[in-house]
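[1] structure for this input, please:
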Amino acid sequence: MLDDQSSRYDRLRHQTKTPGTQLTISRGSAVRSWAGGLEEHGTDRVMTADSAVPIGSITKVFTAVLVLALVADDEVELDAPIRRYLRALRGTPIGGVSVRQLLTHTSGVVNEPPGAEAVAHSVPRYLQAVAACGTLHEPGSAFSYANAGSSILGAVAAEVTGMSWQEAVDAIVLAPLGITPRFVTGGKRAHACGHAVNAATGRVRPVDQGVGLAQAAAGGLACSADDLVKLGRALLEGGRQTALDEVDFAAMLVPEPSAKPVGLADAWGLSLARYDIAETSWWGHDGMATGTSCHLRIHPSEDVVVAFTANATSGHEMWRALLPVLEDQGIVVGEHHPPTPTKAALRAVDGYAGDYRNGDTDYRIVARGRDLVLVVDDEPSARLVLAEDGVFALCDPHSGKSVQTGLFLAGADNSVAGLQIAGRVARKVS
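    This next block holds a predicted model:
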């Protein structure tokens with residue numbers, strides 16, 4: 001099937017100026033793979049089906065499986081507070097968040113702490129930096145996607161097993177799945193290079209990965225599309241074909257009621273997003289590492305897994321372009337399409353203006369007449385169009401097109417307490 005489409009895939013790769021890509025599709029036991037291009041632009045390193053690409057946040061799914069394997073062995077409890085496993089977090093503002101809340105991104109911990117780069121290679125210092133930020137909201141009450149949450153889970157796994165996260169995820173997850181461990185952090189590079197692509201000039205530039213040891217459990221793996229399909233098959237089969245058969249994979253596909261990932265997905269389970277399309281649903285995760293774009297989709301009722309990797313920032317553009325091609329083959333992949341407010345439904349804008357913060361990220365909302373504007377680095381970057389229930393669209397100031405959907409969060413006194421952009425909550429600070 002994929003062989004017949006190779007020319008179309010190659011054409012899309014050239015059009016998006018993506019150096020190297022992989023696509024693997026599994027329908028039941030039938031698995032077909034395609035790979036094309038180069039592992040690194042300007043070299044003769046060919047991208048093969050075995051090439052490993054930094055998968056960014058899809059690493060979180062492997063970390064989740066590791067934690068669930070420890071749950072199956074009665075080493076970890078999903079609803080236990082993390083202070084039970086991490087002594088360093090006892091008495092801190094985040095010590096009471098639960099393992100489940102970290103997995104569902106409802107813990108309220110920040111995405112990354114201020115000065116993350118300075119502490120990224122020290123797990124104790126990184127944990128303390130995250131703890132010092134406190135929580136963005138009452139744990140369990142809202143959704144806020146957090147890299148730091150998976151980093152904490154990696155530390156829990158390391159403490160319980162007596163191994164590093166890398167050693168534990170290899171021994172407990174990767175090896176049973178038949179995946180060769182290849183990590184982005186430390187040592188000789190054993191993976192494809194990421195690339196920055198300038199759409200205006202067409203320039204393609206190799207870039208280095210920047211994942212510290214403390215952040216590895218959130219984004220430190222490199223995998224092939226074939227590797228991602230192995231993970232997807234284990235999820236569909238309940239791990240029966242591997243030593244992971246005791247893991248409760250079905251629990252990963254149960255939506256968390258309090259997780260409302262506005263603008264990111266339609267629902268969220270244990271480290272997996274749900275993408276609704278028509279009357280059916282796909283599950284999966286996207287991963288954007290430095291200069292890469294990777295996508296995993298799983299359709300439980302149709303027994304289909306789709307995995308795509310690209311070693312460039314333009315990979316997401318190619319993924320979008322691939323979807324109609326896959327649809328021609330009878331595979332209608334689920335993607336999130338949030339509703340877009342078309343006109344302002346709320347007239348009073350005063351309560352929304354102010355500064356908002358999530359760890360190392362700041363937003364400023366400015367009221368200009370009847371308009372709300374998102375200002376970044378003192379420059380207007382988007383206009384906000386408000387709708388009912390606090391939902392808003394971020395619109396390009398030049399074209400007027402919606403580029404993101406977000407949500408204003410109400411506090412106990414019904415005032416504006418924060419906002420959610422790209423699935424991440426920022427608390428109002430002024």
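[2] where's the residue lying closest to Leu102 once chain neighbours are set aside relative to Val207, distance?
    Distances taken as CB to CB, 6 or more residues apart in numbering put Gly149 closest to Leu102, at 4.2 Å, once the chain neighbours are dropped. The way it works is simple: take the backbone N, C-alpha and C, and place the C-beta from them, glycine included. From Gly149 over to Val207 the distance is 25 Å, taken as CB to CB, to the nearest Å.
[3] so after the helix or strand hosting the residue nearest to Leu102, what's the next helix or strand?
    In this assignment (DSSP states H and E), Gly149 forms part of helix 147-161. Remark: after helix 147-161, the chain's next helix or strand is helix 165-169, criterion DSSP H and E.
[4] so for that next one, what's the average pLDDT?
    The predicted model assigns helix 165-169 a mean pLDDT of 98.
[5] tell me the contacts of His299?
    Residues near His299 by CB atoms under 8 Å, 6 or more residues apart in numbering: 280-283, 305, 334.
[6] from the chain's centroid, how far away is stretch 259-267?
    Between the centre of stretch 259-267 and the centre of its chain there are 12 Å (CA atoms, centre = their mean, to the nearest Å).
[7] whoops, stretch 276-285 was the one
    On the basis of CA atoms, centre = their mean, stretch 276-285 sits 16 Å off its chain's mean C-alpha point.
[8] just the buried residues of it, please?
    Residues of stretch 276-285 classed as buried by neighbour count (16 or more other CB atoms under 10 Å): 281-285.
[9] now stretch 114-123
    Going by neighbour count (16+ other CB under 10 Å), the buried part of stretch 114-123 is 116, 119-121, 123.
[10] break down this protein into its helices, ranges please.
    Ranges of helices within the chain are 6-15, 59-72, 99-103, 116-119, 123-132, 147-161, 165-169, 175-177, 216-219, 225-237, 315-328, based on DSSP state H.
[11] please identify the most buried of the ones you listed.
    helix 216-219 (a mean of 28; mean count of other CB atoms under 10 Å).
[12] what helices or strands is that one leaning on?
    Using 3 or more CB pairs under 8 Å, 6 or more residues apart in numbering; DSSP states H and E, the elements in contact with helix 216-219 are helix 59-72, helix 147-161, helix 165-169.
[13] select, out of these, the one closest to Ala412.
    Nearest to Ala412 among the helices and strands packed on helix 216-219 is helix 147-161 (24.2 Å), distances taken as CB to CB.
[14] restricting to C-alpha, output that closest one in CSV.
    Extracted C-alpha coordinates of helix 147-161, given in CSV (Å, rounded to 0.1, in the frame of the first residue of the first chain):
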residue,chain,number,x,y,z
ASN,A,147,6.4,18.9,30.8
ALA,A,148,7.5,19.1,34.4
GLY,A,149,4.7,16.7,35.3
SER,A,150,6.3,13.9,33.3
SER,A,151,9.7,14.8,34.6
ILE,A,152,8.4,14.3,38.2
LEU,A,153,6.9,10.9,37.1
GLY,A,154,10.3,10.0,35.8
ALA,A,155,11.8,10.8,39.2
VAL,A,156,9.1,8.7,40.9
ALA,A,157,10.0,5.7,38.7
ALA,A,158,13.7,6.2,39.4
GLU,A,159,13.1,6.3,43.2
VAL,A,160,10.9,3.3,43.2
THR,A,161,13.1,1.1,40.9
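[15] pLDDT score for the spatially closest residue to Cys133 that is not a sequence neighbour?
    Counting by CB to CB, 6+ apart, Val110 is the residue found nearest to Cys133 once chain neighbours are left out, at 4.5 Å. Each residue has a pLDDT score; the one for Val110 is 98.
[16] neighbours around Val110, how many?
    Number of residues near Val110 (other CB atoms under 10 Å) recorded here: 31.
[17] cool, Ala52 as well?
    Ala52: 23 surrounding residues under other CB under 10 Å.
[18] again, but for Glu388
    Residues near Glu388, counting by other CB under 10 Å, number 8.
[19] how close does it get to Ser281?
    25 Å.
[20] same deal with Gly354?
    Distance, Gly354 to Ser281, using CB to CB: 37 Å.
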